[in-house]
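J.: can't give you the sequence, but here's the structure:
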């Protein structure tokens, strides 16, 4: 039986790349976004990718998706907020990720295992992104302290816009083998390398 991954923000950018990579690694992938054509592109030629048009900031919509999906073994929350106005960014970055984490975490705690990966936009993108990223990281740090289950791994990656999605996901995968929970990813002085800063 394949493990199941739920990927939000899966219609573009790092979310689309995460969904495609997991599908290629034989996961059952549930790709979620409000952009139906983008989801179709993500799932193209991938029979184990299932798309759901869903507003991840709506708790009822997220619960409906999870009711169909069943147990989620990995949750990947990717950014979906190109505009820079504060209300839009807070809803589609901080609120959407926290809703999905709140919905998926209880099942992981009951099973004693799971992976939660939250990827945020770099704070330098706009003041709104700085506020949303700070709020989300603080929320996740408190959540991790309140639920210190050793089998449930939590990772937060804050990626500079110039870091390619492939490199972001590579860094997250490497971090799953270590104790580090938070990554800040910047372009390194040499092409093709990442400079990682621990929070």
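T.: Alright, I've got the coordinates. Keep in mind the model is a prediction, meaning the values are calculated, not measured.
J.: All the strands of the chain, residue numbers only.
T.: 4-8, 28-33, 49-53, 74-77, 114-121, 152-159, 182-187, 194-198 (DSSP state E).
J.: of these, which approaches residue 97 most closely?
T.: Among the strands of the chain, the nearest to residue 97 by Cβ to Cβ is strand 74-77 (4.0 Å). Yep, even glycine has a C-beta here, placed from its N, CA and C like the rest.
J.: quick one, what contacts the most centrally placed residue in the chain?
T.: Nearest to the geometric centre of the chain sits residue 77, at 2.0 Å (Cα atoms, centre = their mean). Residues in contact with residue 77, defined by Cβ atoms under 8 Å, 6 or more residues apart in numbering, are 8, 9, 56, 96, 97, 100, 101, 116, 117, 118, 119.
J.: for the protein, which spans come out with low pLDDT?
T.: Flagging of the chain using pLDDT under 70 yields the residue ranges 81-83, 179-199.
J.: And the helices in it?
T.: 13-24, 36-43, 59-69, 86-89, 96-111, 127-146, 165-175 (DSSP state H).
J.: For the shortest one, what is the distance to the chain centroid?
T.: If I follow you right, that is helix 86-89. 18 Å (Cα atoms, centre = their mean, to the nearest Å).
J.: Quick check: buried residues in it?
T.: Neighbour-count burial for helix 86-89, counted by 16 or more other Cβ atoms under 10 Å, picks out residue 89.
J.: Same question for stretch 168-179.
T.: Buried, per 16+ other Cβ under 10 Å, within stretch 168-179: 168, 169, 171, 172, 175.
J.: follow-up on the earlier one: need the winner for burial among the helices of the chain.
T.: helix 13-24 (a mean of 23; mean count of other Cβ atoms under 10 Å).
J.: Show me what it packs onto, helices and strands only.
T.: Contacts defined by 3 or more Cβ pairs under 8 Å, 6 or more residues apart in numbering; DSSP states H and E place helix 13-24 against strand 4-8, strand 28-33, helix 36-43, strand 49-53, strand 74-77, strand 114-121, helix 165-175.
J.: relative to strand 4-8, how tilted is that helix?
T.: Put simply, helix 13-24 runs at 160 degrees to strand 4-8, going by axes from the mean of the first three to the mean of the last three Cα atoms, to 10 degrees.
J.: returning to that earlier point: generate a markdown table for the contacts of residue 77, with distance to residue 157 as supplementary columns.
T.: What follows is the contacts of residue 77, written out as a markdown table (distance: Cβ to Cβ, whole Å):
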| residue | distance to residue 157 |
| --- | --- |
| 8 | 14 |
| 9 | 13 |
| 56 | 17 |
| 96 | 16 |
| 97 | 12 |
| 100 | 16 |
| 101 | 14 |
| 116 | 12 |
| 117 | 7 |
| 118 | 7 |
| 119 | 5 |
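J.: Many thanks, I have nothing further to ask.
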